[in-house]
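Visitor: next one to model:
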Amino acid sequence: MELNSKNTPKRIKKKDLILDSAVSIFSKHGYHNTKLEQITKSLGLTDKSIYYYFSSKGDLFIEVILSIQSQLDRLIGSINNMDVNHLEKIKTYTNKAMAINGLTLLMQLPKSLSEFAKYDMIKSNEANQYKIWTSWFKNGQSDGSMIFGNPDEYRNFLFGSLFYLHQWYAITDNESYAQIQPFIEKMIERMYSTNFQRL
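Guide: Numbering: from 1, shown residues only. Next comes the predicted model:
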C-alpha cells in the first residue's frame, strides 16, 4: 500500500513547521493582521508553496486552533490520571497550559471562519474541554479541596483571568511564564481553596 503523497514524513514535517510558524505569527499580529507571506517568509518558502498544505489563511488558522486544542486534550488526559485532589489538578493545568504557545488564539476565533467544515469540530472540542474543566471544580467541592459555589462561574472567571494575564505578559515560552507561576498558584489558592474559606 502506497503512502498518500501529502502524508510522507517530509511533507508532514514541512506542514508542522508551517503550523509552528503560523502559531507565533498569528499570536503576534492576530488573525486579521497576519498575511500568509509573513509565514512563508519566516520559513524561506515561496508564497505559493503554502497552498499545497492549506487552502487559505482561514484554513491554516483553523488547523492552528485544532493543533492547540489537541495539546490541551493530551494535557487534560494526563492530569485526569493524576492521584491528587482537584484543586491541585487545576493548578497543574494552569501551570502547563499557560506555557503552550498560541494559547490566547483560542479566545480569538473569528466568526467569519464558521463556514469552514472544521469550525464545528473546534466548537465541539471547546465544549468538551469546558465540561471537563467544570467537572474539576465540581469534584473539587466533593473532595473538600475547593469552596462551594457555581462551578461554571468559577471556571469562567479563572480562565478569563488567565487569558488576560497571558496577553498582558505576552507569554510565549516556559521561561517567561515561570516568573509569574507562583503568583498564579497563590491566586488560585486564595480564590478557591477551602484553606482560605471565611467562617
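Visitor: low-scoring stretches of the protein, by residue?
Guide: 1-9, 169-177, 197-199 (pLDDT under 70).
Visitor: can you give me the helices for it?
Guide: 9-29, 36-43, 57-80, 86-97, 119-142, 151-168, 174-178, 181-192 (DSSP state H).
Visitor: looking at the ones you listed, which is buried most?
Guide: Compared across the helices of the chain, helix 86-97 shows the largest average neighbour count, a mean of 20 (mean count of other C-beta atoms under 10 Å). Placement of C-beta: from N, CA and C, glycine included.
Visitor: before we move on, the earlier item: okay, the helices of the chain in JSON lines with distance to residue 108 next?
Guide: As requested, the helices of the chain are arranged in JSON lines below (distance: least, C-beta to C-beta, whole Å):
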{"stretch": "helix 9-29", "distance to residue 108": "8"}
{"stretch": "helix 36-43", "distance to residue 108": "17"}
{"stretch": "helix 57-80", "distance to residue 108": "9"}
{"stretch": "helix 86-97", "distance to residue 108": "16"}
{"stretch": "helix 119-142", "distance to residue 108": "12"}
{"stretch": "helix 151-168", "distance to residue 108": "10"}
{"stretch": "helix 174-178", "distance to residue 108": "19"}
{"stretch": "helix 181-192", "distance to residue 108": "21"}
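Visitor: residue 51 is nearest to which of those?
Guide: Nearest to residue 51, of all the helices of the chain, is helix 36-43, at 8.4 Å by C-beta to C-beta.
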